[in-house]
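Enquirer: attaching a predicted model along with its sequence, questions to come.
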Amino acid sequence: MKKYIPLCLLAGFIFCMLGWGYYALAQKERAAKQATYAAAEHLLVYSDLPDSVNRGMAGAFYQRTGLSVQIQTMSDRKLQETVTDMGGQEKPDLIIAAEQVLRNVDSKGLLRTCSVTGAERVLPSFKDRKNRWLGLWYNPMVFAVSADYYKQYGHTLQGWQDIVKQTNCRILFPDLAATDMAGDFLCTLVEMQGRDNTAAYLRRIQQQRISYAKTWAINVRRVAGGEVDLAVVDESNAAQYQAEGAPLVIVYPREGTSYWLTGIGLTVWNHESEIAASFVEWLLSPDVTRVLQQQQVFVEYTTTPHPYRSDAAGKRLVLFPVKKEYTDEGRSVLQDWWLRTVRFGRDR
């Protein structure tokens with residue numbers, strides 16, 4: 001038996017050497033691929049959109065152009081932290097994010113002018129004056145109304161002032177302190193009406209048969225399920241449920257409404273201007289509509305002078321003419337003010 005020990009040791013040694021050689025070769029090939037990728041032109045994008053949307057956009061852009069784009073998904077907060085304190089991470093060429101995030105990043109001098117074909121079609125209210133960021137699409141606040149309730153009372157339910165007159169209407173309203181989008185809605189109301197008038201209006205709504213919800217999808221689901229008659233929601237969620245056959249209609253407030261804008265900014269680290277320009281131009285093209293709707297995202301586009309959809313009464317969407325010059329801190333202060341003065345009524 002002992003005579004086989006040297007043979008076993010030799011065989012073990014040979015297997016170890018083969019395994020190490022295979023590992024070393026695999027590592028060498030991986031390093032070569034990484035070096036090739038690093039040497040090639042490529043585009044890195046940070047995005048606060050859902051991962052499924054980002055993957056859909058990257059795939060569709062590659063199919064259309066043959067150019068690859070790597071889109072990393074992260075939250076608004078994480079995106080801002082990562083961009084402003086990059087450390088050793090690879091720096092992004094482009095940022096896709098909410099308007100306030102783009103404003104914050106631009107205020108730190110991290111964006112530069114985005115000169116691309118199609119930028120002139122973006123309406124002035126949806127872009128930076130120096131084209132440091134461009135709005136791509138926006139999601140307005142609308143009324144989602146039960147189809148049965150609309151049949152009876154729809155003719156009297158066409159604007160913000162109509163809500164407070166509907167004494168028999170079960171209303172679902174967004175918790176204005178729960179999300180950034182809800183806070184943006186609150187800031188817009190204050191910019192349009194001032195604090196005192198906004199507080200008076202929101203108190204009047206609170207005297208109705210009202211309940212609050214922290215997430216937008218729940219608002220629409222409760223309308224579709226007949227639990228409430230009307231919900232103030234974002235159009236994307238309402239349109240998604242409507243497309244799936246839910247018994248609800250969408251109403252655009254006649255006075256106008258707020259909106260959540262998503263845009264794109266070219267960073268100071270971008271060195272692949274041609275690829276970046278191609279990607280931005282593609283995002284401003286009709287191609288992106290198909291990609292978003294495949295992911296159940298229904299929005300309005302900044303390159304369209306007038307939204308192509310109309311509501312249940314045939315009205316076109318009207319937006320409040322706001323500048324949205326508030327900061328994250330300012331929005332938080334207003335949200336806290338709403339909690340104290342309206343929601344819980346501790347302060348007057």
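Expert: Arrived safely, thanks for sending.
Enquirer: got the contact list for the residue nearest to Ser285 when sequence neighbours are not counted?
Expert: Distances taken as CB to CB, 6 or more residues apart in numbering place Gly118 nearest to Ser285, at 7.3 Å, with adjacent residues excluded. For every residue, glycine as well, the C-beta is placed using N, CA and C. The neighbours of Gly118, taking CB atoms under 8 Å, 6 or more residues apart in numbering as the test, are Val280, Glu281, Leu284, Ser285, Thr303.
Enquirer: what about these, which are in helices?
Expert: Of those, the ones assigned to helices by DSSP state H are Val280, Glu281.
Enquirer: okay, the contacts of Gly118 in JSON lines with distance to Val105 next?
Expert: Converted to JSON lines, these look like this (distance: CB to CB, whole Å):
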{"residue": "Val280", "distance to Val105": "16"}
{"residue": "Glu281", "distance to Val105": "21"}
{"residue": "Leu284", "distance to Val105": "20"}
{"residue": "Ser285", "distance to Val105": "24"}
{"residue": "Thr303", "distance to Val105": "22"}
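Enquirer: ok, the contacts of Gly118 vs Ala246, which is closest?
Expert: Ranked by distance to Ala246 (CB to CB), the contacts of Gly118 are led by Thr303 at 29.1 Å.
Enquirer: tell me the contacts of that closest one?
Expert: With CB under 8 Å, 6+ apart, Thr303 has these contacts: Gly118, Arg121, Val122, Leu123, Leu284.
Enquirer: not counting sequence-adjacent ones, nearest residue to it?
Expert: Looking at Thr303 with CB to CB, 6+ apart, the closest residue is Arg121, at 4.3 Å.
Enquirer: so that neighbour touches Ser285, yeah?
Expert: No: using CB atoms under 8 Å, Arg121 is not in contact with Ser285; the gap is 10.2 Å.
Enquirer: from Tyr138, how far off is the residue nearest to Ser285?
Expert: Distance, Gly118 to Tyr138, using CB to CB, to the nearest Å: 17 Å.
Enquirer: try Asn131
Expert: Distance, Asn131 to Tyr138, using CB to CB: 18 Å.
Enquirer: so those two - more neighbours on which side?
Expert: Tyr138 (23 against 18; other CB atoms under 10 Å).
Enquirer: which SS class is that one?
Expert: strand (DSSP: H, G, I helix; E, B strand; the rest coil).
Enquirer: list the contacts of it.
Expert: Contacts of Tyr138 (CB under 8 Å, 6+ apart): Phe126, Tyr259, Trp260, Leu261, Thr262, Val299, Glu300, Tyr301, Thr302.
Enquirer: can you give me the strands for the stretch 151-300 of the chain?
Expert: Counting by DSSP state E, counting those that start in this stretch, one finds strands in the stretch 151-300 of the chain at the ranges 170-174, 209-213, 230-234, 248-251, 259-267, 300-301.
Enquirer: in TSV: the ones you listed, plus mean neighbour count and mean pLDDT.
Expert: Compiled in TSV, the strands of the stretch 151-300 of the chain are given as follows (neighbours: other CB atoms under 10 Å; pLDDT from 0 to 100):
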stretch	mean neighbour count	mean pLDDT
strand 170-174	21	95
strand 209-213	16	90
strand 230-234	26	97
strand 248-251	22	97
strand 259-267	24	97
strand 300-301	20	94
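Enquirer: make TSV from those strands and add distance to Val164 to it.
Expert: Listed next are the strands of the stretch 151-300 of the chain as TSV, based on distance: least, CB to CB, whole Å:
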stretch	distance to Val164
strand 170-174	9
strand 209-213	10
strand 230-234	12
strand 248-251	15
strand 259-267	22
strand 300-301	27
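Enquirer: out of these, the one nearest Val45 is which?
Expert: Smallest distance to Val45 across the strands of the stretch 151-300 of the chain (CB to CB): 8.4 Å, for strand 259-267.
Enquirer: okay, that closest one in PDB with CA atoms only?
Expert: The C-alpha coordinates for strand 259-267 follow below in PDB (Å, rounded to 0.1, in the frame of the first residue of the first chain):
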ATOM      1  CA  TYR A 259     -46.100  67.600 -11.700                       C
ATOM      2  CA  TRP A 260     -43.100  65.400 -10.800                       C
ATOM      3  CA  LEU A 261     -40.400  66.000 -13.500                       C
ATOM      4  CA  THR A 262     -37.700  63.400 -14.400                       C
ATOM      5  CA  GLY A 263     -34.700  64.700 -16.400                       C
ATOM      6  CA  ILE A 264     -31.100  64.000 -17.400                       C
ATOM      7  CA  GLY A 265     -27.900  65.900 -16.700                       C
ATOM      8  CA  LEU A 266     -24.400  65.600 -18.300                       C
ATOM      9  CA  THR A 267     -21.700  65.400 -15.700                       C
END
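Enquirer: for the chain, give me the ranges with low pLDDT.
Expert: Low-confidence segments of the chain (pLDDT under 70): 1-41, 86, 88, 305-308, 346-348.
Enquirer: now the contacts of Thr303 in CSV, with secondary structure and distance to Val333?
Expert: Shown next, in CSV, are the contacts of Thr303 (DSSP: H, G, I helix; E, B strand; the rest coil; distance: CB to CB, whole Å):
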residue, secondary structure, distance to Val333
Gly118, coil, 37
Arg121, helix, 36
Val122, coil, 30
Leu123, coil, 29
Leu284, coil, 35
